[in-house]
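*Asks:* I'll drop the sequence and a predicted model, then ask my questions.
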There are 6 protein chains.
Amino acid sequence: MSYTCFDVEIADGVAHVKMNRPEKRNAMIAAFWEELPRIVRDIDENSKARVIVLSSTGPVFSAGIDVGMFQDIGGAKDKNAPQYGASFYIDVKRLQASLSSLENCRIPVLTAIQGGCYGGGVDLITACDMRYGTADSFITIYEINVGMTADVGTFPRILNHMPEGIVRELAYTGRKMGAEECKSRGLFNEVYADHETMMSAVMDMAREIASKPPLAVYGCKRAITYSRDHSTADALDNIAIWNMSMLIPSEMMEAMMAGKQKRAGNFKDLPPVETKKA
Amino acid sequence: MSYTCFDVEIADGVAHVKMNRPEKRNAMIAAFWEELPRIVRDIDENSKARVIVLSSTGPVFSAGIDVGMFQDIGGAKDKNAPQYGASFYIDVKRLQASLSSLENCRIPVLTAIQGGCYGGGVDLITACDMRYGTADSFITIYEINVGMTADVGTFPRILNHMPEGIVRELAYTGRKMGAEECKSRGLFNEVYADHETMMSAVMDMAREIASKPPLAVYGCKRAITYSRDHSTADALDNIAIWNMSMLIPSEMMEAMMAGKQKRAGNFKDLPPVETKKA
Amino acid sequence: MSYTCFDVEIADGVAHVKMNRPEKRNAMIAAFWEELPRIVRDIDENSKARVIVLSSTGPVFSAGIDVGMFQDIGGAKDKNAPQYGASFYIDVKRLQASLSSLENCRIPVLTAIQGGCYGGGVDLITACDMRYGTADSFITIYEINVGMTADVGTFPRILNHMPEGIVRELAYTGRKMGAEECKSRGLFNEVYADHETMMSAVMDMAREIASKPPLAVYGCKRAITYSRDHSTADALDNIAIWNMSMLIPSEMMEAMMAGKQKRAGNFKDLPPVETKKA
Amino acid sequence: MSYTCFDVEIADGVAHVKMNRPEKRNAMIAAFWEELPRIVRDIDENSKARVIVLSSTGPVFSAGIDVGMFQDIGGAKDKNAPQYGASFYIDVKRLQASLSSLENCRIPVLTAIQGGCYGGGVDLITACDMRYGTADSFITIYEINVGMTADVGTFPRILNHMPEGIVRELAYTGRKMGAEECKSRGLFNEVYADHETMMSAVMDMAREIASKPPLAVYGCKRAITYSRDHSTADALDNIAIWNMSMLIPSEMMEAMMAGKQKRAGNFKDLPPVETKKA
Amino acid sequence: MSYTCFDVEIADGVAHVKMNRPEKRNAMIAAFWEELPRIVRDIDENSKARVIVLSSTGPVFSAGIDVGMFQDIGGAKDKNAPQYGASFYIDVKRLQASLSSLENCRIPVLTAIQGGCYGGGVDLITACDMRYGTADSFITIYEINVGMTADVGTFPRILNHMPEGIVRELAYTGRKMGAEECKSRGLFNEVYADHETMMSAVMDMAREIASKPPLAVYGCKRAITYSRDHSTADALDNIAIWNMSMLIPSEMMEAMMAGKQKRAGNFKDLPPVETKKA
Amino acid sequence: MSYTCFDVEIADGVAHVKMNRPEKRNAMIAAFWEELPRIVRDIDENSKARVIVLSSTGPVFSAGIDVGMFQDIGGAKDKNAPQYGASFYIDVKRLQASLSSLENCRIPVLTAIQGGCYGGGVDLITACDMRYGTADSFITIYEINVGMTADVGTFPRILNHMPEGIVRELAYTGRKMGAEECKSRGLFNEVYADHETMMSAVMDMAREIASKPPLAVYGCKRAITYSRDHSTADALDNIAIWNMSMLIPSEMMEAMMAGKQKRAGNFKDLPPVETKKA
């Protein structure tokens, strides 16, 4: 399958999803928002891979939402039109759902960031599981510079990655925050000298995760997301119930044997979702 | 369009969705679960009607989930199979989403119940906005009689319709609760002598709601659902923000004028969702 | 002190707050919204009474928000004006805060309803502790008839008074619900033959509540409001902590002695708030 | 085993727990609070019965907390003593935990109320699953009459049984509410002519519940309690996860066969908790 | 206007609020708690500035709550006095509300800290949007050293600024934490060599924020505060609704043009609140 | 008293709880899970100490849950057995409760970590108040390597100690994270050169905390735990209510006098829980 904004390669259980419009600074045009969840669901629901790596090329990781899209959102130029608000709501919810597909799929999504990551690009990376950057990468909650309040997911998620006071400074000033500061503040897990080094390390990590038992990885992803949004008591109870049926003796046995024998484990893929539809 | 389990008629802004397998006691077979959300979304997202009425014919409103489906859920007979739990989860979430389409759509759903409403049928009616019944109708949280705990939505929703102690008795005993008790306990809004009287009254009410400004009706549906699941403080704040853009002077003016002139108002439909997709 | 929209009389520990514009159907004009919280706070914070009774006279208990106010809300006719939304938000929050003063004060507020109670009037009575009506009284969530979604507090609160399905029907149709139905559905505590009978009964009850230990009554009001918006576990913990300092041996002793001796207890008023300001 | 405040009889899967101090109006003395959770846990954790019926005899179902206990709570007469608050907190939490054992055990608890139910007795019955009363029974949130705010569980739970306005009236006035009003307001499920009729009906119902599959009944109890305290979305997800391992094919098969053959099903008891301790 | 504890200067859209009692170590006396919210509201509600900078001079940024105030809180020496608890509650809620004015106002509050910041001073700075310190500044959750549990806001807020384990150590030991550790742990955004350097940098940043579109900055402040206290799903929905009316085409256009033309944008102030009062 | 898995020494108000099976890598066998809460409750409820230090010896701080226990959990090898899920749930809840005793007791728990901390060991340390490590210590969320999703408490708690992206990486890869990274990411408060240096520093800090007023320390522990799981508004209100009875003038006076006189304060122990049982 081919896409306007992405190239997708799958190997060794890892789906590498690359933004492919570096000459357009990988701006998030209408096709971007529509293709991203379609790609993620195709990989996840058909169990085509066990991990996703989201990367980009060129001087800009992502220029953020394409300015041309503003004219479409809300579907009416006149905010007094009866349908303006209801149309706007539909549109923004769809944009949010596009990025939330990264959080809601069953498999981890690693993202590798080079160069600038602007506005909507920050929404994008905060919805991924982990973030890695090159030494020259930076992020900016750019919306303030174009008179907007970020609305596709930055604030609901970034507070889990960085202290509140840092988030506020970035949001009010729109200033750039470089890779090292992104790492020391919690947003990035690691910083690499250049793009090649980063991609090599991130792909290695992705392959390693793909070698782990997929059901257990899925359980971790779900438990972390759940814990983030619930009280300690609720999260403890939830994981106890989950594991009533999700601790799989045969998978555990295989994991332990493989560990002892220093070989890769042979684990079942997650069950596909698509084929189960009536 | 034609469906296996439903007939759909649209007139006067009201979509009448009728379960059409009375000879099979309107059991909820696989096609039922797949068609229901498709129908609801088609009506809602294409703004084909402003209200939905869900009804049935025959001696049984709904026999609940079809027993044959149990064999499919989870996709494996062996609960020790690694994928059993994950498959089961996919399946139940899909069933839940099917009924939640009634709650999540933007327009009210009235349901008119005759005869028996069993098990999954109770899940179905609790996800509707309002419930009306004939004098000989009854409900039963039947699952306990087949060794199950109701799981497609009864308990999360029915506690908003009836006192907790009544719900517990129904759940533990699986006993039938007749129409009058359903009304006095809060589950039914009204009881009618027979099916014809009920359908006449419910369709009248549906047409009346369809004559109201759709944006305001949508706002009410959303605010009630939101209020049910949030604190008073959160709900107050939420409706204030919603109305920042959802109080439409032209619609208000038309509503007032129509009221004064004792004529039907001329209001805009909700904006379609489908055509806005990229 | 004199007010445009209210008469206030205090006797026997009961502040009787009467809407005094029956000829204007007690429409909620700008002065209404400003005076109500001022009156409530004056009574509560200066410990002038231990209970408030809110009543009205004339054929209409309350006609709801005065139509003239719509022109002011948002402070700009053009919804495209940069400040429209922010101004609207300020205005609606102020209206909400006006009614919430009834819920947030430390003493119970009983309301006695005769005739029609429209729109904003429903917001008003749902923010009171208890509601009583005459046989000919009725309520209507009237907003839908003027193209609005009720926004000053109806939905966040009324779901605690009536089953969800009834609320939805009232909201979507704007129909009148008579006193007896208000009682059987939970909104009204009692229905009386006429205004005089109602006022006599409600004032008697108010005086009885005023004879109870004010700190214990305050504790009940707070615990009920808190319980409504929190989980059972949180509410149990909260009341345990509250009573660490709020069970007063001298008040309990006096209550028991007074009970035995069949005389009125001699209890301390709540401490005034005003005089404690720096 | 013998207890100071209770007689316990187990037959047909039903544990009948009777308060046995009618001559003392079944006042809740220190032994009451200690014995109740011990009895409930013994029955539940050792799987001695599948349902509990809590009843009483004499003119008073429960006189509420024994006045003598007030002197002990907090363990110090001087509220200025450093340890007063911390001791009081320990004591009230223990009282709360005593009653919460009824809610937290895995099996349903039905309670049959005759005569007066005062103060702490209301805390007691609201923690049960269902409430049934004789025609001459009544309840009173009596605490206000002795200068207290109810603190062992009335408010956190009773709002799920009755409309908020009724609860407030009962709490502020301390008035008695008779059996028929208890039923029409939601607190009681049914009212019976006299004690014998009630006990016969309640024991019949208890035996019927005991004949249902215990795991499914347990699932219902848990799901209802969970749903009461969580949002619809959370409750839907939780029951889906629970049923991943709690739908038991063999139990379902037996339930359906027994139903067809009009015989009692042969179901497994819940697994005992005690014997599992390390 | 002149104040006992503060000097206020407004220039370039920035209100500089300086604690002016260095010789008293800027102890938070009664006047402090009363003046602070009055100043903040005056600036915010009358739209006098777009950013607040809170600073101090002398060897101690803030000595915390003045010891003399303890005698007043609760208004009675005898904790057995019936009104003690209720009075104490009023007093502490007022202190909390004083500091919460910094969080609840619509504009960002930056604070610049030199020297020691003790006890109540930590409550103060955690309620600000961002914190900056000199190299010799430090904080201490000092309350433990005077036998108290911090109660005006430290714990509810500081957990959003620092890992839980660090907060616990500071709370239990009352030790000082120096500026560099404050920065590396997340509490401070930046550390400067001396007071002059800090003030210059902080005022520069404040002026830059004041040059951004005020509605968008307000939207960010609100969205971050909201996101902190709500689930991801709730926060995503909330910002979508907010932006239905808060994305202002004219402001966005001006922001983009100003950016292109490398000039300051010409944006509307927030609408004043005061003048809207009835 | 003597234990299989622990040595307990109490001196200077500090209970030193040492894992004593270094030759078995301090694996968490059945006795471990049963003894830990018994020890913690004995110390806390009998007020035997004011602080707990949890440490270990040997090359491995904790090898995590003993593999032998897996066979017991759920009490049946056949996951199709009707009781499997219910038994598993009982077992996991008991394991969770064992570790939660550290969080729920009234006194701080410091833990000092040397060498490797694996799987269940991470659950253990995240339930403590503060974590300190030797330079050669490391942690690993090891469960993924044996085909499991961590279920005894890692995810519900560790997100309060470290940024979400780091947690996800550790969970999915099972990699080791060394002491310095543990510190810079927030999990460890401090890193020491070797075991002796660490124990000396941690015991010093424990003794210092033990010298503080126990009621105030208890208040801090409770307020921090409460704040972590509730909104800012709820947490502010809760601490205000707590301190109504928990600010103790005599303790505050003694704390201030002791501070002035540079001597240890003489504070009351927490009231014992055990002796209060009926």
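*Replies:* Right, received. Where do you want to start?
*Asks:* what is the neighbour count of A:Thr197?
*Replies:* Burial of A:Thr197 is recorded as 12 neighbouring residues (other C-beta atoms under 10 Å in any protein chain shown). Every residue, glycine included, has its C-beta placed from N, CA and C.
*Asks:* for it, what are phi and psi?
*Replies:* In this entry, A:Thr197 is assigned phi and psi values of phi -60, psi -40 (degrees, to the nearest 10).
*Asks:* do A:His230 as well
*Replies:* For A:His230, the backbone dihedrals (degrees, to the nearest 10) come out as phi -130, psi 170.
*Asks:* ditto for A:Glu9
*Replies:* When read as degrees, to the nearest 10, the backbone of A:Glu9 gives phi -130, psi 130.
*Asks:* I'd say it and A:Met1 touch.
*Replies:* No - at 11.8 Å, A:Glu9 and A:Met1 do not qualify as touching, with contact defined as C-beta atoms under 8 Å.
*Asks:* which residues in chain A form helices?
*Replies:* Ranges of helices within chain A are A:30-45, A:84-104, A:120-126, A:154-158, A:164-173, A:179-185, A:195-210, A:214-229, A:232-246, A:249-260, based on DSSP state H.
*Asks:* so for D:Val51, which of those sits nearest?
*Replies:* Ranking those by their distance to D:Val51 (criterion: C-beta to C-beta) puts helix A:232-246 first, at 23.9 Å.
*Asks:* and that closest one, what's buried?
*Replies:* Buried residues in helix A:232-246, defined by neighbour count with 16 or more other C-beta atoms under 10 Å in any protein chain shown: A:232, A:234-246.
*Asks:* separation between A:Glu169 and chain B?
*Replies:* In this structure, A:Glu169 and chain B are separated by 25 Å, where distance is defined by C-beta to the nearest C-beta, to the nearest Å.
*Asks:* let me see the domain layout of chain A.
*Replies:* Here the domain parsing of chain A from automatic domain parsing is A:6-210, A:214-276.
*Asks:* A:Lys268: neighbour count?
*Replies:* Residues near A:Lys268, counting by other C-beta under 10 Å: 17.
*Asks:* pLDDT at it, what is it?
*Replies:* Among the per-residue scores, A:Lys268 holds a pLDDT of 94.
*Asks:* OK, contacts around the closest residue to it other than its chain neighbours?
*Replies:* Nearest in space to A:Lys268, with sequence neighbours left out and distances taken as C-beta to C-beta, 6 or more residues apart in numbering or on different chains, is B:Pro82 at 4.5 Å. By C-beta atoms under 8 Å, 6 or more residues apart in numbering or on different chains, B:Pro82 lies in contact with A:Leu215, A:Ile248, A:Ser250, A:Glu251, A:Phe267, A:Lys268.
*Asks:* which one among the buried residues of helix A:232-246 gets closest to chain C?
*Replies:* Ranked by distance to chain C (C-beta to the nearest C-beta), those are led by A:Asp234 at 9.5 Å.
*Asks:* residue contacts, that closest one?
*Replies:* Each residue near A:Asp234 by C-beta under 8 Å, 6+ apart is listed here: D:His230, D:Asp234.
*Asks:* flag every residue of chain A that's near chain D.
*Replies:* For chain A, the contact set with chain D under C-beta under 8 Å from any C-beta of the partner chain comprises A:His230, A:Asp234, A:Asn238, A:Ile241, A:Trp242, A:Met244, A:Ser245, A:Met246.
*Asks:* of all those, which comes closest to D:Ser62?
*Replies:* When the residues of chain A next to chain D are compared against D:Ser62 (criterion: C-beta to C-beta), the nearest one is A:Asp234, at 33.2 Å.
*Asks:* out of the domains of chain A, which is the most enclosed?
*Replies:* The highest mean neighbour count among the domains of chain A belongs to domain A:6-210 (a mean of 21), with neighbours defined as mean count of other C-beta atoms under 10 Å in any protein chain shown.
*Asks:* avg pLDDT for it?
*Replies:* The predicted model assigns domain A:6-210 a mean pLDDT of 95.
*Asks:* just how off-centre is that domain within its chain?
*Replies:* Mean C-alpha position of domain A:6-210 versus that of the full chain (C-alpha atoms, centre = their mean, to the nearest Å) differs by 6 Å.
*Asks:* next, the distance between the ends of it.
*Replies:* One end of domain A:6-210 sits 22 Å from the other (C-alpha to C-alpha, to the nearest Å).
*Asks:* check contacts around the residue nearest the centre of chain A.
*Replies:* Central residue check for chain A by C-alpha atoms, centre = their mean: the C-alpha nearest the mean position is that of A:Cys128, 2.3 Å away. The neighbours of A:Cys128, taking C-beta under 8 Å, 6+ apart as the test, are A:Leu54, A:Leu102, A:Val109, A:Leu110, A:Thr111.
*Asks:* from these, pick the one nearest chain D.
*Replies:* Taking C-beta to the nearest C-beta as the measure, A:Leu102 is the one of these closest to chain D, at 19.4 Å.
*Asks:* and that closest one, what does it touch?
*Replies:* Going by C-beta under 8 Å, 6+ apart, A:Leu102 touches A:Leu36, A:Val40, A:Ile52, A:Leu54, A:Val109, A:Leu124, A:Ala127, A:Cys128.
*Asks:* put together JSON lines for these, with distance to B:Ala171 on each row.
*Replies:* JSON lines is the format used below for the contacts of A:Leu102 (distance: C-beta to C-beta, whole Å):
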{"residue": "A:Leu36", "distance to B:Ala171": "42"}
{"residue": "A:Val40", "distance to B:Ala171": "38"}
{"residue": "A:Ile52", "distance to B:Ala171": "42"}
{"residue": "A:Leu54", "distance to B:Ala171": "46"}
{"residue": "A:Val109", "distance to B:Ala171": "40"}
{"residue": "A:Leu124", "distance to B:Ala171": "44"}
{"residue": "A:Ala127", "distance to B:Ala171": "39"}
{"residue": "A:Cys128", "distance to B:Ala171": "42"}
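*Asks:* ok, those vs chain F, which is closest?
*Replies:* The nearest one, if we look at the contacts of A:Leu102 relative to chain F and count by C-beta to the nearest C-beta, is A:Cys128, at 8.4 Å.
*Asks:* check the spacing between the closest one and chain B real quick.
*Replies:* A:Cys128 sits 22 Å away from chain B, going by C-beta to the nearest C-beta.
*Asks:* for that residue, give me phi and psi.
*Replies:* The main-chain torsion angles of A:Cys128 are listed as degrees, to the nearest 10 and equal phi -90, psi 170.
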